[in-house]
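[1] okay, predicted coordinates and the sequence, questions at the end:
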Amino acid sequence: MNANNNIANRIKISRKVAELTHQELADRVGAALITIVRWENPESGRNPNTVMINELAEKMNTSARYLMGLEDMPEK
């Protein structure tokens with residue numbers, strides 16, 4: 001699994017575990033809906049920057065290390 005695929009899948013999984021829609025997550029982190037959709041699509045080649053990864057992790061009650069693939073289990 002490449003890094004883009006890994007981050008995309010972990011964002012998607014974390015969003016679903018947090019029971020958030022794409023729009024709800026976008027609103028919480030101050031991003032556009034299409035941006036969230038692209039981050040969850042590994043084929044887009046787009047990833048959030050490190051500041052946004054931290055913001056995403058906070059809003060989805062997980063860790064930035066998990067989103068980046070550095071941990072197997074998300075921390076709460």
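    That came through, no problem. The structure presented is a predicted model; accordingly, all values stated were derived computationally and were not measured. Residues are numbered from 1 along each chain as shown.
[2] centroid residue for this protein?
    The residue lying closest to the centre of the chain (Cα atoms, centre = their mean) is Ile11, at 2.8 Å.
[3] where does pLDDT dip in the chain?
    Applying pLDDT under 70 to the chain flags the ranges 1-4, 74-76.
[4] in it, which helix is the longest?
    If each helix of the chain is counted by residues according to DSSP state H, the longest one is helix 3-17.
[5] which neighbouring elements make contact with that helix?
    The contact analysis (3 or more Cβ pairs under 8 Å, 6 or more residues apart in numbering; DSSP states H and E) places helix 3-17 against helix 33-39, helix 50-59, helix 64-67. All C-beta spots, glycine's among them, are computed from the backbone N, C-alpha and C.
[6] buried stuff in the second one?
    For helix 50-59, a neighbour-count test (16 or more other Cβ atoms under 10 Å) marks 52-53, 55-57, 59 as buried.
[7] right, and Arg38 touches Ser44 too?
    Yes - counting by Cβ atoms under 8 Å, Ser44 is a contact partner of Arg38 at 4.2 Å.
[8] those two: which is more packed in?
    Neighbour comparison, Arg38 and Ser44: the larger count goes to Arg38, with 18 against 14 (by other Cβ atoms under 10 Å).
[9] how near is that one to Ala64?
    With distances taken as Cβ to Cβ, to the nearest Å, Arg38 is found 19 Å from Ala64.
[10] that concludes my questions; thank you for your assistance.
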